[in-house]
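Trainee: Sequence and predicted structure are below.
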Amino acid sequence: MLRRASLLLDQRCEKVSGGTFHAFANTLLRRHAAAAGFGNNFTILDRADAEDLVGLLRQEVHTGHKTVRFPRKETLADLFSRAVNREEDIATALEKEAPHFLYCLDDILAIARMYVATKRERNLMDYDDLLVHLAALLRGNETIRREVSETFRHILVDEYQDTNRIQAEILRLLAFTHDNVMVVGDDSQSIYSFRGANFRNIMDFPSDFPGAKVVFLEENYRSRQPILDVTNEIIAGAREKFPKHLFTSRTGGMKANLLCAPNERLQSTFVADRILSLHEEEGIPLSEIAVLFRAAYLSFDLEVELAKRRIPYRKFGGFKFLETAHVKDVIAHLRLIDNPRDTLSLSRALMLVPGIGRKVSADLSRQAHAEASLLPVLSSLKARKRSEESARLAGLIAGLGGNPDGAANGSLPPSEMMARVIAYYRPILESRFDDYPRRLKDLDHLESLCARYRKLSEFLSEITLEPPQASVGEIAATDKERETLTLSTIHSAKGLEWKAVFILWVLDGKLPLSRVAENEEEMEEERRLLYVAATRAKDLLVMTYPINIYERVSGTVLSKPSRFVEEIPRNVLSRFSLVE
């Protein structure tokens, strides 16, 4: 940023002190380490280092009583970081982020206390400590606060809507002697509360710095006016905002469209058709087209459709469908039931059973391959009398394999087979992944995809168009066509732009999420999320939603468009219904 400024003006810009809040904090803490209670040679822990330290302390606390499930070091480190950035106590953060671990709260609190003490004793700081200790230093030492404030007479902050409470406090402390502060930000793009960003920072800036002048930058240089007309309508309903009305000199262009699809499959078919039409008939490069969505799992069905049509894409935010371990695990069991000779899937399923290592798994896989049957595997599993998990796997295979060779039972619909595999796999999922509630949603979605097929083999063929070891998204573009389509969560798309943007699942219950209905602040952030998605489009904006979607968590059927677009006038947002 400083280099770009110097190109616009002159070399003096490169002499400005600049950097992230964390880099700036590091510089000041090195200078005043003793006053902060540290040696000036303190070590900064990166995320992996912090997780390792938490892991050592976790072992001390939990090693004596391993009779209950306990969160992994990565989960604990993430929990501690979120609590700091949101200025919450550990118990509150745990209740919000991982309530299924509340039963071990006392041990988690003990580890948190040890983590803080150990860092202090060993002259260590993690990333969050840089902010926490700088704020404490400036807050508690007026001499240093005055000296630093008089050194930096003018302070500029970019993307202020993404700052957390600690960063806002540091800013106020730095401006202690002068209040010469300028921030740039867009309240309508405050969408990172899950990382600790605080919407109130930008809204309260005029009151935090009395006499501040607010300058509205309303001319947009990205989008055509019909798109801005929609985004203005979306944000107009916000409960609290700085009043802005976006306009542009880029007039003309198509109105934005909202399309209702009778099911998810048709939504995916339409989007894939339209992408090919834009690319092949209108000459828009795939790299200038993006498909955005609220959560990573909402693109799974489209990914399968894109794979069928050989449309290359990159996905940002979350993982590609078949790259997620839990989806691969479930698919492996289904492949095994469909094809007993699939020793790769057999090996993956066996390795999930406690007590079965690589050697036993390899021996059983070789035996199954040699005899082209799962019967010897079933016999071996049943013989492992002390292993309840072995018996469960044997029961699953026997129950779903109706033929002597273990092939899939043709009398069961694929959806029933999927349901039984997920029921078997759920305890494994809960033991392997601390974030299993989120992963269960992926499996629910996988089950809904499977319900469309009459034969298991058809489902597996459709969903695995590439070899098992490859992802459906890793379809190489031809030598002459290097560009790829972009799939992205909305959070990962912020700051980017494309000629054509599709927003999937603009469905009430998915955007906004059903679970935020009782929380006004979270509902407001969902509105801003859709605003951010819509403002990524330069020339074309298409929003789609399927209907008759059963949501297991709430026990309701979702069929209405997002409340944020439902009231937009038809002369601003065109509406269509897709039919087969």
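Mentor: That came through, no problem. Numbering: from 1, shown residues only.
Trainee: How about the lengthiest strand in the chain, which residues are buried there?
Mentor: For the chain, the longest strand by residue count, based on DSSP state E, is strand 537-546. Under the neighbour-count criterion of 16 or more other C-beta atoms under 10 Å, strand 537-546 has 537-546 buried. All C-beta spots, glycine's among them, are computed from the backbone N, C-alpha and C.
Trainee: Average pLDDT for that strand, rounded please.
Mentor: Here strand 537-546 scores 96 as its mean pLDDT.
Trainee: which phi and psi does Arg200 have?
Mentor: The phi/psi pair for Arg200 (degrees, to the nearest 10) reads phi -70, psi -30.
Trainee: any idea how far it is from Asn164?
Mentor: Distance from Arg200 to Asn164, counting by C-beta to C-beta, to the nearest Å: 10 Å.
Trainee: In terms of neighbours, single out the busier of these two.
Mentor: Just comparing Arg200 and Asn164: by other C-beta atoms under 10 Å the higher neighbour count belongs to Asn164, 22 against 14.
Trainee: so what's the backbone phi/psi at the more buried one?
Mentor: Per degrees, to the nearest 10, the backbone of Asn164 is at phi -100, psi -180.
Trainee: and it, what does it touch?
Mentor: 85-87, 195-198, 201 (C-beta atoms under 8 Å, 6 or more residues apart in numbering).
Trainee: who's in contact with the residue nearest to it when sequence neighbours are not counted?
Mentor: Nearest non-adjacent residue to Asn164, counting by C-beta to C-beta, 6 or more residues apart in numbering: Gly196, 4.0 Å away. The contact partners of Gly196, taken as C-beta under 8 Å, 6+ apart, are 82, 84-86, 164-165.
Trainee: okay, the residues you listed in TSV with secondary structure next?
Mentor: Formatted as TSV, the contacts of Gly196 follow (DSSP: H, G, I helix; E, B strand; the rest coil):
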residue	secondary structure
Arg82	helix
Val84	helix
Asn85	helix
Arg86	helix
Asn164	coil
Arg165	helix
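Trainee: Among those residues, which one lies nearest to Glu14?
Mentor: Taking C-beta to C-beta as the measure, Glu14 lies nearest Asn164 of the contacts of Gly196, at 28.7 Å.
Trainee: Going by neighbour count, which of the contacts of Asn164 are buried?
Mentor: By 16+ other C-beta under 10 Å, the contacts of Asn164 give 85-86, 196-198, 201 as buried.
Trainee: ok, so of the residues you listed, who is nearest Arg527?
Mentor: Ala197 (15.7 Å).
Trainee: isn't Leu540 right next to Ala500, touching?
Mentor: Yes. The pair Leu540 / Ala500 is scored as a contact, 4.1 Å apart, by C-beta atoms under 8 Å.
Trainee: Mind listing the shared neighbours of the two?
Mentor: Shared contacts of Leu540 and Ala500, defined by C-beta under 8 Å, 6+ apart, are found at Leu278.
Trainee: Tell me which residues are up against the longest helix along the chain.
Mentor: For the chain, the helix with the greatest residue count under DSSP state H is helix 414-432. Helix 414-432 has contacts (C-beta under 8 Å, 6+ apart) with 69, 325-326, 329-330, 333-334, 337, 352, 389, 392-393, 396, 399-400, 408-409, 436, 439-440, 443, 446-447, 450-451, 453-456, 458-459.
Trainee: Tell me which stretches of the stretch 151-300 of the chain form helices.
Mentor: Taking DSSP state H, counting those that start in this stretch as the test, the helices found in the stretch 151-300 of the chain are 165-174, 199-203, 205-208, 225-236, 264-280, 300-308.
Trainee: Would you mind telling me which of those helices is nearest Val215?
Mentor: Closest to Val215 of these is helix 205-208 (C-beta to C-beta; 11.7 Å).
Trainee: Please save the CA atoms from that closest one in CSV.
Mentor: In CSV, the C-alpha atoms belonging to helix 205-208 read as follows (Å, rounded to 0.1, in the frame of the first residue of the first chain):
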residue,chain,number,x,y,z
PHE,A,205,-16.4,6.0,15.3
PRO,A,206,-18.0,9.5,15.2
SER,A,207,-18.9,9.2,18.9
ASP,A,208,-15.5,7.7,19.9
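Trainee: Sort out which residues of that helix are buried, please.
Mentor: Residues of helix 205-208 classed as buried by neighbour count (16+ other C-beta under 10 Å): 205, 208.
Trainee: so for it, what's the average pLDDT?
Mentor: For helix 205-208, mean pLDDT is 92.
Trainee: quick one: low-confidence parts of the chain?
Mentor: Residue ranges of the chain with pLDDT under 70: 63-67, 318-323, 341-344, 368-378, 381-387, 401-411, 461-482, 553.
Trainee: follow-up on the earlier one: out of the buried ones among the contacts of Asn164, which is nearest to Thr231?
Mentor: Closest to Thr231, out of all of these and judged by C-beta to C-beta, is Ala197, at 20.6 Å.
Trainee: Spatially, and excluding backbone neighbours, which residue is closest to the closest one.
Mentor: In space, Ala197 is closest to Asp162, 4.8 Å off (C-beta to C-beta, 6+ apart).
Trainee: What of Thr248?
Mentor: With C-beta to C-beta, 6+ apart as the criterion, Thr248 has its nearest non-adjacent residue at 4.6 Å, and that residue is Asn220.
Trainee: Check Gly317 too.
Mentor: Of all residues not flanking Gly317 in the chain, Thr489 sits nearest, at 3.0 Å (C-beta to C-beta, 6+ apart).
Trainee: what about that neighbour, how many residues close to it?
Mentor: Number of residues near Thr489 (other C-beta under 10 Å) recorded here: 20.
Trainee: got it, and His133?
Mentor: His133 has 21 neighbouring residues, counting by other C-beta under 10 Å.
Trainee: All set now, cheers.
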